[in-house]
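# sequence first, then the predicted structure:
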Amino acid sequence: MGDTEIEILTARDVPLGGPRAMTVRRTLPQRARTLIGAWCFADHYGPDRVADSGGMDVAPHPHTGLQTVSWLFSGEIEHRDSLGTHAFVRPGEINLMTGGHGISHTEVSTPGTTVLHGVQLWVALPGEHRHAPRDFQHHAPTALRVDGAEIRVFLGTLAGRTSPVRTFTPLLGAEILLDAGAAVTLDVDPEFEHGLLVDEGDVRIEDVPVLPAQLGYTAPGRTTLTLANTSDRPARTVLLGGPPFEEEIVMWWNFIGRSHQDVVEAREEWERSSDRFGAVEGYPGDRLPAPALPNAVITPRRNPARP
């Protein structure tokens, strides 16, 4: 793919969180693309009326080798983890949790939530940091106006605004709201590849339509990105970016490693309640059991070779 082209990634529906599952739209990973920068997982959900869907109720579950990024458009989620963190995810505020060597957590929509709507994202940790200690960060970025856009930069730097949230590779994460009929051209790092996830609206990236729940991918090499809303109502997007992540990763369930054996060991330690993942206090229920491993060696994933 030449760097002037836009690749459109289409989401698939996936149940999230065991027996009380809500349905999410998963854009990453997929066969066509495993990562955008170090972004390796993108779930997009809602707007769901909690009275109909039951909301989010994800029992204690583990993570290794990654950071989780929670970003809401509406509603509220209660977060507890094995660091002892008890926090809330609210619209316009980022909660970033580092799994590293191992962490466990829960995510439950609060009783006052009527409509739940947002994204859940993962970042793969580079090999030298994939056993980093558990950590949790929270930040509420201030909105800035650029032409007909309102931008909240929750990771990295865009439009002169830099997030203080720490990551292990260079990343960009920003919510961009486009006014009706507005267009904005943003300076971007030419070393980054980018993905624009459209939540709602008639959006174009470099004049290529990206439908709601789709993600428009651009290869490294661009110094600007032009986004346009061609409708008579506001549009919402999330822009992700980072330099290509060249390491191969093994992703299975909630674990990221570098080999099948990494996953086997993490699963075994979760199943026997080892100290690796700690314990989550305050959740009124059992933890999620790990699914059975496939009857085959889990092979590493990486992106297609760039031309």
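Structure received. Numbering: from 1, shown residues only.
# from here on, just use CA atoms for contacts and neighbour counts.
Will do.
# and the helices in the stretch 201-307 of the chain, which stretches?
Secondary structure of the stretch 201-307 of the chain (DSSP state H, counting those that start in this stretch): helices at 260-271.
# low pLDDT regions in it?
306-307 (pLDDT under 70).
# which residue ranges form the strands in it?
Along the stretch 201-307 of the chain, the segments classed as strands by DSSP state E, counting those that start in this stretch run 203-205, 208-210, 214-218, 224-229, 235-242, 250-252, 255-257.
# so can I have CSV of those showing distance to Phe192 and mean neighbour count?
Supplementary listing: these in CSV, determined by distance: least, CA to CA, whole Å; neighbours: other CA atoms under 10 Å:
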stretch, distance to Phe192, mean neighbour count
strand 203-205, 16, 23
strand 208-210, 19, 19
strand 214-218, 9, 24
strand 224-229, 11, 19
strand 235-242, 5, 23
strand 250-252, 23, 20
strand 255-257, 22, 24
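# can you count the residues close to Pro29?
Around Pro29 sit 20 other residues, with neighbours defined as other CA atoms under 10 Å.
# and His105, bridged to which residues?
On the basis of DSSP bridges, His105 is bridged to His61, Asp81.
# residues in contact with Leu239?
Going by CA atoms under 8 Å, 6 or more residues apart in numbering, Leu239 touches Leu172, Gly173, Ala174, Glu175, Ile176, His194, Gly195, Leu196, Leu197.
# what helices and strands are in contact with the helix or strand in which the last one is found?
Under the assignment given by DSSP states H and E, the secondary-structure element containing Leu197 is strand 193-200. Applying 3 or more CA pairs under 8 Å, 6 or more residues apart in numbering; DSSP states H and E, one finds that strand 193-200 contacts strand 214-218, strand 235-242.
# who does that strand pair up with?
In the sheet, strand 193-200 lines up against strand 214-218 (antiparallel), strand 235-242 (antiparallel) (DSSP bridges).
# quick one: closest of these to Glu248.
Smallest distance to Glu248 across those (CA to CA): 16.0 Å, for strand 235-242.
# quote the end-to-end distance of stretch 192-208.
With CA to CA, to the nearest Å as the measure, the ends of stretch 192-208 fall 19 Å from one another.
# I misspoke; the intended subject was stretch 160-176.
14 Å.
# what comes into contact with it?
The contact list for stretch 160-176 (CA under 8 Å, 6+ apart) reads 37-38, 96, 125-126, 129, 137-139, 141, 149-158, 236-243.
# export stretch 143-155 to PDB, keeping only CA atoms.
Extracted in PDB, the C-alpha atoms of stretch 143-155 (Å, rounded to 0.1, in the frame of the first residue of the first chain):
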ATOM      1  CA  ALA A 143     -10.500  20.400  25.200                       C
ATOM      2  CA  LEU A 144      -9.000  22.700  22.600                       C
ATOM      3  CA  ARG A 145     -10.600  24.200  19.400                       C
ATOM      4  CA  VAL A 146      -8.900  24.000  16.100                       C
ATOM      5  CA  ASP A 147     -11.000  25.400  13.200                       C
ATOM      6  CA  GLY A 148     -14.200  23.400  13.400                       C
ATOM      7  CA  ALA A 149     -12.900  20.700  15.700                       C
ATOM      8  CA  GLU A 150     -12.900  20.100  19.400                       C
ATOM      9  CA  ILE A 151      -9.900  17.900  20.400                       C
ATOM     10  CA  ARG A 152      -9.000  16.100  23.600                       C
ATOM     11  CA  VAL A 153      -5.600  14.600  23.500                       C
ATOM     12  CA  PHE A 154      -5.400  11.800  26.000                       C
ATOM     13  CA  LEU A 155      -2.100  10.300  24.900                       C
END
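# what are the buried residues along that stretch?
Neighbour counts using 16 or more other CA atoms under 10 Å place Gly148, Ala149, Glu150, Ile151, Arg152, Val153, Phe154, Leu155 of stretch 143-155 among the buried residues.
# sorry, back to before: closest one to Asp48 among the strands paired with strand 193-200?
That would be strand 235-242 among the strands paired with strand 193-200, by CA to CA, at 16.4 Å.
# from Phe277, how far out is the residue nearest to Val264 when sequence neighbours are not counted?
The shortest distance from Val264 to any non-neighbouring residue, by CA to CA, 6 or more residues apart in numbering, is to Leu293 (7.9 Å). As judged by CA to CA, Leu293 and Phe277 stand 19 Å apart.
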